[in-house]
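Chemist: Have a look; sequence and predicted model below, questions after that.
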Amino acid sequence: MRLLLLGAPGVGKGTQSKLLVDEFNIPQISTGDMLREAIKKNSDLGMKAKSFMDSGRLVPDDLIIDLVEERLKQKDAQYGFILDGFPRTIPQAEALDHLLGRMNIKIDAVIDINVHHEKLIERLSSRMICRNCGWVYNKVSSKPKIEGMCDRCGGEIYQRSDDAPEAIANRLKVYEKETAPLREYYRKKGQLNAIDGELPMGTVYKKILAILEIEK
């Protein structure tokens, strides 16, 4: 199972990824994960990326693609993976297509989870996250059983500083400008599958499985 997840901040990509990871034992791969792992290992690519990050510059696309290749060659990704939040731009998508073609890897589906902006602002401003396992809660709809403590691992639950309404509105604006054109890119390739992210979490998950023709 090789998936690419699209969607603005707060649509539920992280939650759906964790469900898929738990059930199918495949890694969720994000740009942040790749950068942290490469830097932690002190790999050549990690050190190059760190030099850009330390000076406040964006890590170049060609270096990110090299990191993706390094990550996809690892043992845990041989039988499947979920690319979450990458690519972010058309040039990155084109470079990823070239890389996957060279590695003889075919993406099974591109899943685009959609939620109205007003709902996203409401969701994100109420979002809480476990510092330990990353599980997502909501102050209104899905509170933890014990306040401040994760039901899954007992870790501390906190709210991100960029989940303030003003910051959220700006993040959504940036997403629509830079990343939303990917929808048309993958639609033209016949790979895009849109899902209503305002449906219950379990229903969204079943729709993803249906796209993959997996019965649940």
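Modeler: Yep, that arrived. Numbering: from 1, shown residues only.

Chemist: Would you state the helices of this protein in chain order?
Modeler: With helices called from DSSP state H, the chain shows them at 13-24, 31-40, 44-54, 61-72, 90-102, 117-125, 165-178, 181-188, 201-211.

Chemist: okay, the angle between the fourth one and helix 90-102?
Modeler: Between the axis of helix 61-72 and that of helix 90-102 there is an angle of 40 degrees, by axes from the mean of the first three to the mean of the last three C-alpha atoms, to 10 degrees.

Chemist: just to revisit the earlier point, please dump the helices of the chain into a markdown table; it should also carry mean pLDDT, distance to residue 156 and mean neighbour count for every row.
Modeler: C-beta here means a position set from N, CA and C on the backbone, and glycine is covered the same way. Output for the helices of the chain, formatted as a markdown table (pLDDT from 0 to 100; distance: least, C-beta to C-beta, whole Å; neighbours: other C-beta atoms under 10 Å):
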| stretch | mean pLDDT | distance to residue 156 | mean neighbour count |
| --- | --- | --- | --- |
| helix 13-24 | 91 | 18 | 18 |
| helix 31-40 | 82 | 20 | 16 |
| helix 44-54 | 87 | 26 | 15 |
| helix 61-72 | 91 | 28 | 18 |
| helix 90-102 | 95 | 34 | 15 |
| helix 117-125 | 86 | 19 | 18 |
| helix 165-178 | 83 | 22 | 14 |
| helix 181-188 | 93 | 34 | 15 |
| helix 201-211 | 94 | 23 | 16 |
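
Chemist: and residue 153, which of those is closest to it?
Modeler: In terms of C-beta to C-beta, the element of the helices of the chain nearest to residue 153 is helix 13-24, at 12.0 Å.

Chemist: that older thread, and the helices of the chain as TSV, adding distance to residue 133?
Modeler: Putting the helices of the chain into TSV (distance: least, C-beta to C-beta, whole Å) gives the following:
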stretch	distance to residue 133
helix 13-24	8
helix 31-40	14
helix 44-54	24
helix 61-72	21
helix 90-102	28
helix 117-125	19
helix 165-178	23
helix 181-188	29
helix 201-211	16
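
Chemist: Quickly note the distance from the residue nearest to the spatial centre of the chain to residue 6.
Modeler: When C-alpha atoms, centre = their mean is applied to the chain, the residue found nearest the centroid is residue 84 (2.5 Å). Distance of residue 84 to residue 6, given as C-beta to C-beta, to the nearest Å: 9 Å.

Chemist: and for the two, which residues touch both?
Modeler: residue 13 (C-beta atoms under 8 Å, 6 or more residues apart in numbering).

Chemist: just to revisit the earlier point, do you know the pLDDT at the residue nearest to the centre of the chain?
Modeler: Reading off the confidence values, residue 84 has pLDDT 88.

Chemist: Was I right to think it contacts residue 14?
Modeler: Yes - assessed by C-beta atoms under 8 Å, residue 84 is found in contact with residue 14 at 7.1 Å.

Chemist: Return stretch 197-211 as CSV; C-alpha atoms alone will do.
Modeler: Extracted C-alpha coordinates of stretch 197-211, given in CSV (Å, rounded to 0.1, in the frame of the first residue of the first chain):
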residue,chain,number,x,y,z
GLY,A,197,-13.3,15.1,5.8
GLU,A,198,-16.4,16.4,7.7
LEU,A,199,-17.8,12.9,7.9
PRO,A,200,-17.1,10.9,11.1
MET,A,201,-13.5,9.7,11.5
GLY,A,202,-14.5,6.1,11.1
THR,A,203,-16.4,6.8,7.9
VAL,A,204,-13.5,8.6,6.4
TYR,A,205,-11.3,5.7,7.2
LYS,A,206,-13.7,3.2,5.6
LYS,A,207,-13.8,5.4,2.4
ILE,A,208,-10.0,5.3,2.2
LEU,A,209,-10.1,1.5,2.5
ALA,A,210,-12.8,1.4,-0.2
ILE,A,211,-10.6,3.4,-2.5
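
Chemist: Great, nothing more from me.
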